[in-house]
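1. Any chance you can model this:
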Amino acid sequence: MSWLALVDCDGPLIDVSARYARIHSELAAEFSGRPLPLPEYWRLKRARVSEVEIFTRTGLTIDDAEAASAERLRRIETERYLHHDRAWDFAETVLRQLRDAGLVQRAVLVTQRVSRQRTLDLLQRVGLARLLDGVVVGRGDNTLTAKVGTLRAASVNVSQPAVFVGDTEVDIASGQALGARTVAVLSGIRSRELLEACGPDVIMDDIRELPQWLESQTPP
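-> As a prediction, the model looks like this:
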């Protein structure tokens, strides 16, 4: 059986930790704070601690933390920082494996990044563009309504067996709303505890476990 695979960009396929850490480090320093070490910063992000709270832990006042958080949103998808994004070293291999084994009929990337062109440029740079059958880009509003609306506006047909692979609560809820099987991966921005609370069909360390899991599934 071949699946329609809807795969979130950041987390399942792309490692954004270097970009996030660079912005955090630079902004904390600009506002005279002490940047957190990457492991601590990432632990807090995965626990869904707000950027304002994270910045206060660098020694910033609440006003400066709020200003730094607002500035972060302005910078997060600029070329200066997007340059740090990298594909996981297993991403290309897994996408090829899914296609070659006939497990996936179509693989569609789904993201709420703001710029479609910058998303396409990233996929070309990291060598994943040729392995995807479609790219659905939203407008940066990473909510359940926005993500499902983006997919429906793009006429993504989920009448065939579909699986949604993501790393956040919104990803899992979007897949569930579309009637797809849901796969949560721990290679992204949420902890296991938060993902378990969403009730995905399965939680994986990363997408390297996806081919074997799909082989074990029967049609919904």
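
2. what's the least confident helix or strand in the chain, going by average pLDDT?
-> helix 144-153 (a mean of 61; mean pLDDT, DSSP states H and E).

3. buried set for the helix or strand where residue 117 lies?
-> Assigned by DSSP states H and E, residue 117 belongs to helix 116-125. By neighbour count with 16 or more other Cβ atoms under 10 Å, helix 116-125 contains the buried residues 118-119, 122-123. All C-beta spots, glycine's among them, are computed from the backbone N, C-alpha and C.

4. Can you name the next helix or strand after that helix?
-> Downstream of helix 116-125 (by DSSP H and E), the next one is strand 134-137.

5. Quick check: neighbours of that following strand in the sheet, parallel or antiparallel?
-> strand 104-111 (parallel) (DSSP bridges).

6. Just want the angle from the strand it pairs with to helix 116-125.
-> Here strand 104-111 points in a direction 130 degrees away from that of helix 116-125 (axes from the mean of the first three to the mean of the last three Cα atoms, to 10 degrees).

7. Alpha carbons only: can I get strand 104-111 in PDB?
-> This file holds the C-alpha atoms of strand 104-111, laid out as PDB (Å, rounded to 0.1, in the frame of the first residue of the first chain):
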ATOM      1  CA  VAL A 104       4.900   6.500  -0.400                       C
ATOM      2  CA  GLN A 105       3.100   7.400  -3.500                       C
ATOM      3  CA  ARG A 106       3.500  11.200  -2.900                       C
ATOM      4  CA  ALA A 107       5.600  13.100  -0.400                       C
ATOM      5  CA  VAL A 108       4.400  16.600   0.200                       C
ATOM      6  CA  LEU A 109       6.300  19.000   2.400                       C
ATOM      7  CA  VAL A 110       4.100  21.100   4.700                       C
ATOM      8  CA  THR A 111       5.300  24.300   6.400                       C
END
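
8. Just the residues contacting that strand, thanks.
-> With contact meaning Cβ atoms under 8 Å, 6 or more residues apart in numbering, strand 104-111 is reached by 2-10, 13, 95, 98-99, 119, 123, 128, 131-138, 147, 150-151, 156, 160, 164, 166, 174, 214.

9. Check those residues for burial and list the buried ones.
-> 3-10, 13, 95, 98-99, 119, 123, 128, 131-132, 135-138, 147, 150-151, 156, 164, 166, 174, 214.
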